[in-house]
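Undergrad: give me a model of this one.
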Amino acid sequence: MAATRKRTKPNASKEELLKFYREMLLIRRFEEKAGQLYGMGAIGGFCHLYIGQEAVVVGIEACAKEGDQRVTSYRDHGHMLACGMDPKGVMAELTGREGGYSRGKGGSMHMFSKEKNFYGGHGIVGAQVPIGVGLAFANWYRGNDNVSFAYFGDGAANQGQIYEAMNMASLWKLPAIFVIENNQYAMGTSLKRASSTPALYTRGEAFGIPGEAVDGMDVLAVKAATEKAVGHCRAGNGPYILEMNTYRYRGHSMSDPAKYRTREEVQKMRDERDPIDHVRDLLLMGGETTEDDLKAVDKEIKAIVNESAKFAQESPEPDPKELWTDIYA
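TA: Numbers count the residues shown, from 1 in each chain. Got it, this is the predicted structure:
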């Protein structure tokens, strides 16, 4: 595991740090509440929490502009919140209610927002990556400077369709950013035991795609690397790979007891590498933000999350007629 993060003066304003703190805290509190509702039986099916990985999507979204698209796997609630989707609609979809983004039909893994250019969580491992390249192709074809972010995990990194997509993206110099959220354990197997080339950012070398390994527990490092990747793509230089080395605190899904790693390992990451605590420390170290200021932010976030949970439980069940809508084949 990575060493303890050094306390250095941030290359960011107080306002930017507060924004990151608020956005990451919203994801953390939302996911904690989702875990509670799952335990109560209000959420059924699969539920994959993003707790610990918040810096990745928040840092990346800080570099996105209007028109950029994103598509990801089934660990997707954080991505929805980071791109501005309403917590009420996300939580209501988790509880299978009419007020959800897919009107209660998609659940945790299958939400979509045309308005926010969020092209879904996807339940099939790696299947979203060719879709992300398709979005990049549309941008290239239309001649705009938008980029698409295709997120996938270390467990999906050996899937064949990903390399077919990389080949196409490189061949046509498509503005696609492949974001590998390497949380070290995939479904439950250490990357070191599952991959002959654990340096996942090098996976595009055969196609001439540059890549970079990034500290995915540091939102400022994520933002800096993403700015470089976005600039590369918007300039017409083709795709880019970002390997975000991160860590999930919970199991693969709510049904996973995560016995393949020790409690001491997880606690060490929480104590030494937590992405939210890192920004919190930077804010307090700057002297312009107080403990009371941050408590007020936490209070505000908790109110938003509690309101979303209330809405998700009170929203009516979908009309049975919804079974016949949104069918294309």
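
Undergrad: drop to CA atoms for contacts and neighbour counts, all remaining ones
TA: Fine.

Undergrad: buried ones in the longest helix along the chain?
TA: Counting by DSSP state H, the longest helix found in the chain is helix 14-40. Buried residues in helix 14-40, counted by 16 or more other Cα atoms under 10 Å: 14, 17-18, 20-35, 37-38.

Undergrad: what ranges do the helices span in the stretch 101-250 of the chain?
TA: Assigned by DSSP state H, counting those that start in this stretch, the stretch 101-250 of the chain shows helices spanning 128-142, 160-171, 191-194, 219-234.

Undergrad: possible to save those helices as TSV with mean neighbour count, distance to residue 78 and mean pLDDT?
TA: Output for the helices of the stretch 101-250 of the chain, formatted as TSV (neighbours: other Cα atoms under 10 Å; distance: least, Cα to Cα, whole Å; pLDDT from 0 to 100):
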stretch	mean neighbour count	distance to residue 78	mean pLDDT
helix 128-142	21	16	98
helix 160-171	18	22	97
helix 191-194	14	23	92
helix 219-234	21	14	98
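
Undergrad: now the ones you listed in CSV, with distance to residue 303?
TA: Formatted as CSV, these follow (distance: least, Cα to Cα, whole Å):
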stretch, distance to residue 303
helix 128-142, 33
helix 160-171, 40
helix 191-194, 38
helix 219-234, 24
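
Undergrad: residues touching residue 105, list them.
TA: Applying Cα atoms under 8 Å, 6 or more residues apart in numbering, one finds that residue 105 lies in contact with 93, 96, 322-323.

Undergrad: residue 29 versus that one, what's the distance?
TA: As for residue 105, its distance to residue 29 is 24 Å (criterion: Cα to Cα, to the nearest Å).

Undergrad: can you check residue 42 too?
TA: Distance, residue 42 to residue 29, by Cα to Cα: 17 Å.

Undergrad: likewise residue 16?
TA: Separation of residue 16 from residue 29 (Cα to Cα): 20 Å.

Undergrad: what sits against residue 11?
TA: Listed by Cα under 8 Å, 6+ apart, the contact partners of residue 11 are residue 220.

Undergrad: ok, back up a step: and the longest helix of the chain, what does it pack against?
TA: Contact analysis of helix 14-40 by 3 or more Cα pairs under 8 Å, 6 or more residues apart in numbering; DSSP states H and E lists helix 54-61, helix 77-82, helix 87-94, helix 275-286, helix 291-314 as its packing neighbours.

Undergrad: columns mean pLDDT on top of the ones you listed, output as JSON lines?
TA: Putting those into JSON lines (pLDDT from 0 to 100) gives the following:
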{"stretch": "helix 54-61", "mean pLDDT": "98"}
{"stretch": "helix 77-82", "mean pLDDT": "98"}
{"stretch": "helix 87-94", "mean pLDDT": "98"}
{"stretch": "helix 275-286", "mean pLDDT": "95"}
{"stretch": "helix 291-314", "mean pLDDT": "98"}
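
Undergrad: compare these and give me the one nearest residue 266.
TA: In terms of Cα to Cα, the element of the helices and strands packed on helix 14-40 nearest to residue 266 is helix 275-286, at 13.7 Å.
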